[in-house]
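>>> with the sequence up front, the predicted model follows.
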Amino acid sequence: MADATVVVEDLVKRYPKKEVNAVDGLSFEVRRGEIFGLLGPNGAGKSTTIGVLTTRVRATGGTASVGGVDVIANPVLARTKLAVVPQRGNLDRSLTPRQNLVFHAAYHGVPRAERRERAATLLGEFGLADRADDKVEQYSGGMVQRVMIARALMHEPEVLFLDEPTAGLDPQSRLFLWDRVRDLRDRGTTIVLTTHDMDEAAEMSDRVGIIDHGSLLALDTPAALTHSLSGQSILELTVTRDDPALIGLVADLDGVDRVEKVKDSRLRLYLTRPGPDLLAPVATLLGAHDAGLSDVHLGEPSLEDVFINLTGRGLR
Ligand SMILES: Nc1ncnc2c1ncn2[C@@H]1O[C@H](COP(=O)(O)OP(=O)(O)OP(=O)(O)O)[C@@H](O)[C@H]1O
């Protein structure tokens, strides 16, 4: 791909004393200037992959590059091309946000004259100008997250890796952050994010890669991925009695392709016929087995359905 800025080829990582590879022959590319979502269930190998790309984890085999630099052969140069915002706050809490930004820039060799100016610009863009000289200790979770992203941008990385960037944030902080991330993308920074929030992944990502057991299951735009399940409508039922035998009975109904248990008494039916046509047969069947419906939801497939379909598991 001519405009690829992250290239992963046949990447393998096996941790010492482990029987299986955490990353198992993974290949994918991220295009310059896109928001790329890396999704997978717990233990799929996302953090390990990001760890290799950001030079924190040593690969066992394969190649990976960021901004045209081989991260395995040339980690020091690669670090000038990328930035990571980890899930946990790791700011120096004894310093102000402005000092955190300026020190980070110094560490990355940004010329002295540019550090303060760049810090002021970024603090302004992230809505932190007023409180840039308070101690970080006094900051809310949402503000800390903004400082972390602003800090990561101080050395003008080509690729920004965001690990669960909005986990634990209130809706307003979340929206603010996503607007900033979109701005960054629009100005040419490539964003690679991991998230457990499927709706967020679908809304934010230009493309998503779904991985499990260390290899790639699918990679496309969210729209194309959900389209791959189209023709399938979905009926979600909450049943008044949690009985595993009911799943088999419902699955045998005409028009039901397959059934998944979402939670205790919540079933998701993937249909080959329009959802409303199935309501009466389902109700009759349940009634004949001493169960009823307490909630019904008709819908089109979402990215989460694609994910469950591919991995057989929910995200959490
Ligand atoms: N430092 C480590 N030492 C040994 N095994 C590890 C280490 N880090 C991860 N693993 C194992 O590698 C596999 C992949 O883990 P990884 O953290 O990359 O997955 P993940 O997709 O990021 O999961 P999560 O969503 O839970 O963060 C798992 O089986 C995990 O137990």
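Cool, got the structure. Just so it is clear, the structure is predicted and the values come from calculations on it, not from any experiment. Residues are numbered from 1 along each chain as shown.
>>> please count neighbours and contacts with C-alpha atoms only from this point.
OK.
>>> what sits against the residue nearest to residue 239 when sequence neighbours are not counted?
Computed as C-alpha to C-alpha, 6 or more residues apart in numbering, the closest residue to residue 239 that is not its neighbour in sequence is residue 293, at 4.7 Å. With contacts defined as C-alpha atoms under 8 Å, 6 or more residues apart in numbering, residue 293 is in contact with 237-240, 283, 286.
>>> is the residue lying closest to residue 269 once chain neighbours are set aside part of a helix or strand, or is it coil?
Closest residue to residue 269 apart from its sequence neighbours, by C-alpha to C-alpha, 6+ apart: residue 259 at 4.5 Å. Local secondary structure at residue 259 is given as strand here, using DSSP: H, G, I helix; E, B strand; the rest coil.
>>> per-residue pLDDT of residue 259, please?
The predicted structure scores residue 259 at 89 on the pLDDT scale.
>>> count of residues packed around it?
As a burial measure, residue 259 scores 20 neighbours (other C-alpha atoms under 10 Å).
>>> correct me if wrong: it contacts residue 270.
Yes: the criterion here is C-alpha atoms under 8 Å, and residue 259 meets it with residue 270 at 6.3 Å.
>>> check contacts around residue 35.
By C-alpha under 8 Å, 6+ apart, the residues touching residue 35 are 185, 190-193, 204-207.
>>> can you give me the helices for the stretch 51-200 of the chain?
75-81, 97-107, 112-125, 141-152, 171-186, 198-204 (DSSP state H, counting those that start in this stretch).
>>> so which bits of this structure are right by the ligand?
Counting by C-alpha under 6 Å from any ligand atom, the chain comes close to the ligand at 15, 22, 40-48.
>>> now do 8 Å
Proximity of the chain to the ligand is confined to 14-18, 20-23, 39-49, 196, 211-214 under the rule C-alpha under 8 Å from any ligand atom.
>>> which residues in the stretch 201-316 of the chain form strands?
Counting by DSSP state E, counting those that start in this stretch, the segments of the stretch 201-316 of the chain that form strands are 207-212, 215-220, 233-239, 256-263, 266-271, 293-299.
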